[in-house]
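S.K.: Give me a model of this one.
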Amino acid sequence: MHPSNPMGISREHCTLHCDESGGLWVEDLESNHGTFINGERLSPGVQRALPLGAELSIGRGEALRLRFICHASTSM
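M.R.: Predicted coordinates:
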């Protein structure tokens, strides 16, 4: 691990994609310390669905954690 990157997050670690129906997908870009959905490490180069409420973690020790939620919009 490089001392200037203690969290183990790569500059190009993973990508997030949104499909036509609004679904989210994540793909690990062959990172050294991994990309995780709800604690499960993703295989590099394979897109996986990111369900609502799921926790996306990246880096050494899952250094960065994001949770994806959706609030329904209300129209009047």
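
S.K.: quick one: secondary structure of Ser21?
M.R.: In three-state terms, and counting by DSSP: H, G, I helix; E, B strand; the rest coil, Ser21 is coil.

S.K.: cool, the one 4 residues further on as well?
M.R.: With three-state DSSP as the basis, Trp25 sits in strand.

S.K.: pLDDT value on the residue nearest the centre of the chain, please?
M.R.: The centre of the chain sits closest to Leu56, judged by CA atoms, centre = their mean, with a distance of 4.1 Å. If you check Leu56, the pLDDT there is 88.

S.K.: pretty sure it contacts Gly34?
M.R.: No - Leu56 lies out of contact with Gly34 (CB atoms under 8 Å); the separation is 11.4 Å. C-betas here are computed from N, CA, C, even on glycine.

S.K.: Roughly how far does the residue nearest to the centre of the chain sit from His33?
M.R.: Leu56 is 14 Å from His33, where distance means CB to CB, to the nearest Å.

S.K.: before we move on, what about Gly59?
M.R.: Distance from Gly59 to His33, by CB to CB: 5 Å.

S.K.: Show me where this structure has its strands.
M.R.: 14-18, 24-28, 35-37, 40-41, 47-49, 55-58, 64-67 (DSSP state E).

S.K.: What is the burial count for the nearest residue to Gly23 once chain neighbours are set aside?
M.R.: Nearest residue to Gly23 in three dimensions, chain neighbours excluded: Ala49, at 6.3 Å (CB to CB, 6 or more residues apart in numbering). A count of nearby residues for Ala49, using other CB atoms under 10 Å, gives 11.

S.K.: ok, now the one 10 residues further on?
M.R.: Counted with other CB under 10 Å, the neighbours of Gly59 add up to 21.

S.K.: list the buried ones in stretch 36-44?
M.R.: 36-37, 42 (16 or more other CB atoms under 10 Å).

S.K.: again, but for stretch 44-52
M.R.: Result for stretch 44-52 [16+ other CB under 10 Å]: buried residues 48, 50.

S.K.: What average pLDDT does that stretch get?
M.R.: 92.
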